[in-house]
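[1] kindly generate the corresponding structure for this input.
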Amino acid sequence: MEKAWKTIIEPFKIKVVEPLAFTTRAERERVLRAADWNLFKVPADKVLIDLLTDSGTSAMSAEQWSALMRGDESYAGARSFFVFEKAVRDLTGLRHVMPMHQGRAAERILFKVAGGPGKVFLSNSHFDTTRANVEASGAEAIDLPVPEALDFGTPAPFKGDIDLRALEAKIRALGAERVAMIIMTLTNNSLGGQPVSLGNLRAAREISRHYKIPLFLDVARFAENSWFVKLREPGQSTRSPEEIAKETFSYCDGCWMSSKKDAFVNMGGFLALNDDALAQACRDEMILGEGFPTYGGLAGRDLEALAVGLREALDEHYLRYRVRSVEYLGEGLRKNGVPIVEPPGGHAVYLDARRLLPHIPPTGFAAQALACELYLTAGVRGVEIGALMFGKRGADGAPKAAPMELVRLAIPRRAYTQSHVDFLIEVVSDAASRAKEIRPLRLIEAPSRLGHFSARLEPAAA
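    Next up, the predicted model:
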């Protein structure tokens, strides 16, 4: 029998390197002021460890780089499209496959066709672009996470699940005809990167069929979700991630993916579904804004790399390393008393700024203040998931508290090593040790939709 080694190594070797950007504290202070205390505005060459997102920041494999050279750039009917289409169909079992430049393009098109005033979308949790695109259509987005999902300090195996009782009650209260679709986000990004169980997904499918409501999946992190199912759900340990993924897709009427996550590519995504009429309406809308249906805003080389990435994402050696490396970061922070969302997710560790910074009021943007402090401390860039991203505005325009105040440290795939993670543990723990010194922030201005991308803030008056 093969020995089970205690140390899980990176299942790859490094072939190309990119230098990191070292800065001084004084330089970072100037940069942050110029960026209006908004880390999205900080130039990447002023960031040492960039954990703003795991989207489009992965390291591609040698096979993906080779696939780029096979790209067919024909405007219509390119060979690369059919390579891509087959990869998606083989994985999902869905007939209509439309390439998109990224996930939010699929959301915009699908919700414009299926949504509209009076319609409602129900989800385990809508992420920022998902909610924005639902609301842009005139529809309403409602989150129905399981209660334990909001208990950030207590571990549970599947905190990404949807609350099935709440789901059925909401459908009955609204009337099934008003519900445009049920959306399951795998993994649940808004609330800690937490996985969804097959049992929960199967039950949600039964509800959707009973009420004749389409069930769609946001599968940006389908491979990581499949690995958590293998590790945590009874009866799944002997199955491969690919088998679990295919069962996952069997429960949906359609899905979309920002392939910049689990498929490793720097740009790309897709929309896939079975309904002929809905697919035709989406293609009509796609041609207006994305491009011809066989390229959809992507080059042929992107389609080739994406097809390879869908296969590589389900490799067990990679998934074991991926989830363990994130877990390792969470363990290090936990040992140093830093409050995080428990258990660590598959793509990120989420710091609980509300617990760490109880002196900052609900409207003081605790998570954004903590994220800025991490940048000032050592040039580490994370992203706020709290009042700036999801908070509502009152009638007077003043910000309201959000259900969470989290800082997501999203780990790019195959990009950083264990020494980088050890350094992160040191940096975050240092900032947390000075929690009482971190000041609240004040919002100067922000657009009404996705305002966190371009908001202007400043330290609040003492």
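
[2] list the residues that contact Phe453.
    Phe40 (Cβ atoms under 8 Å, 6 or more residues apart in numbering). All C-beta spots, glycine's among them, are computed from the backbone N, C-alpha and C.

[3] same check on Ala307?
    Contact analysis of Ala307 by Cβ under 8 Å, 6+ apart lists Ala67, Val83, Phe84, Lys86, Ala87, Val88.

[4] and after the helix or strand hosting it, which helix or strand comes next?
    If you go by DSSP states H and E, Ala307 is part of helix 300-312. Once helix 300-312 ends, the next helix or strand along the chain (criterion: DSSP H and E) is helix 316-335.

[5] who touches that next one?
    Applying Cβ under 8 Å, 6+ apart, the external contacts of helix 316-335 come out as 8-11, 223-224, 226-228, 231, 240-241, 312-313, 340, 342-349, 351, 409, 411, 413-414, 418, 421-422, 424-425, 428-429.

[6] need the buried ones from the contacts of Ala307 selected in PyMOL.
    The buried residues among the contacts of Ala307 can be selected in PyMOL (16 or more other Cβ atoms under 10 Å) with this line:
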select buried, resi 67+83+84+87+88
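
[7] phi and psi next, for Asp218.
    phi -100, psi 110 (degrees, to the nearest 10).

[8] next, the contact list for it, please.
    Counted by Cβ under 8 Å, 6+ apart, Asp218 has contacts Gly103, Phe127, Thr130, Ile183, Met184, Thr185, Leu186, Cys255, Trp256, Met257.

[9] run the last query once more with 6 Å
    Asp218 makes contacts with Thr185, as judged by Cβ atoms under 6 Å, 6 or more residues apart in numbering.

[10] could you pull out the helices for the stretch 301-450 of the chain?
    With helices called from DSSP state H, counting those that start in this stretch, the stretch 301-450 of the chain shows them at 316-335, 353-356, 366-378, 387-390, 418-433.

[11] okay, the ones you listed in JSON lines with mean neighbour count next?
    JSON lines is the format used below for the helices of the stretch 301-450 of the chain (neighbours: other Cβ atoms under 10 Å):
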{"stretch": "helix 316-335", "mean neighbour count": "18"}
{"stretch": "helix 353-356", "mean neighbour count": "22"}
{"stretch": "helix 366-378", "mean neighbour count": "25"}
{"stretch": "helix 387-390", "mean neighbour count": "24"}
{"stretch": "helix 418-433", "mean neighbour count": "17"}
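
[12] what about the helix or strand that Ala173 is a member of, average pLDDT?
    Per DSSP H and E, Ala173 falls inside helix 164-174. Predicted confidence along helix 164-174 averages 98 (mean pLDDT).

[13] the following helix or strand past that helix: partners in the sheet, and parallel or antiparallel?
    Downstream of helix 164-174, the next assigned helix or strand under DSSP H and E is strand 179-185. When pairs are called by DSSP bridges, strand 179-185 turns out to pair with strand 120-123 (parallel), strand 215-218 (parallel).

[14] buried set for the following helix or strand past strand 179-185?
    Per DSSP H and E, strand 179-185 leads on to helix 198-210 as the next helix or strand towards the C-terminus. The neighbour-count check on helix 198-210 (16+ other Cβ under 10 Å) flags Leu198, Gly199, Asn200, Leu201, Ala203, Ala204, Arg205, Ile207, Ser208 as buried.

[15] per-domain residue ranges of the chain.
    With domains defined by automatic domain parsing, the chain comprises 25-54+315-459, 62-312.

[16] redo the ones you listed as TSV? Include distance to Val17.
    Below are those laid out as TSV (distance: least, Cβ to Cβ, whole Å):
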stretch	distance to Val17
domain 25-54+315-459	11
domain 62-312	15
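
[17] relative to Lys3, which of the ones you listed is closest?
    Lys3 lies closest, by Cβ to Cβ, to one member of these: domain 25-54+315-459, at 15.1 Å.

[18] related to what we said a few turns ago, distance from the helix holding Ala307 to the middle of the chain?
    19 Å (Cα atoms, centre = their mean, to the nearest Å).

[19] quick one: mean pLDDT over that helix.
    Rounded mean pLDDT across helix 300-312 is 97.

[20] report the buried residues of it.
    Gly300, Arg301, Asp302, Leu303, Glu304, Ala305, Leu306, Ala307, Val308, Gly309, Leu310, Glu312.

[21] would you format these as CSV with distance to Ala139 included?
    Putting the buried residues of helix 300-312 into CSV (distance: Cβ to Cβ, whole Å) gives the following:
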residue, distance to Ala139
Gly300, 34
Arg301, 36
Asp302, 30
Leu303, 31
Glu304, 35
Ala305, 34
Leu306, 29
Ala307, 33
Val308, 36
Gly309, 32
Leu310, 30
Glu312, 36
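
[22] list just the nearest of these to Phe40.
    Asp302 (23.9 Å).

[23] mind listing what the closest one touches?
    Asp302 neighbours (Cβ under 6 Å, 6+ apart): Met267, Gly268.

[24] centroid-nearest residue for the protein?
    By Cα atoms, centre = their mean, the mean C-alpha position of the chain lies nearest to Asn189, the distance being 4.7 Å.

[25] wait, what's in contact with that one?
    By Cβ under 6 Å, 6+ apart, the neighbours of Asn189 are Phe127.

[26] likewise Asp90?
    So Asp90 contacts nothing (Cβ under 6 Å, 6+ apart).

[27] check for me that it belongs to a helix.
    Yes - assigned with DSSP: H, G, I helix; E, B strand; the rest coil, Asp90 falls within a helix.

[28] do you know how far it is from Val83?
    11 Å (Cβ to Cβ, to the nearest Å).

[29] quick revisit: how about a markdown table for the strands paired with strand 179-185, with distance to Gly289 and mean pLDDT added?
    Formatted as a markdown table, those follow (distance: least, Cβ to Cβ, whole Å; pLDDT from 0 to 100):
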| stretch | distance to Gly289 | mean pLDDT |
| --- | --- | --- |
| strand 120-123 | 20 | 98 |
| strand 215-218 | 20 | 98 |
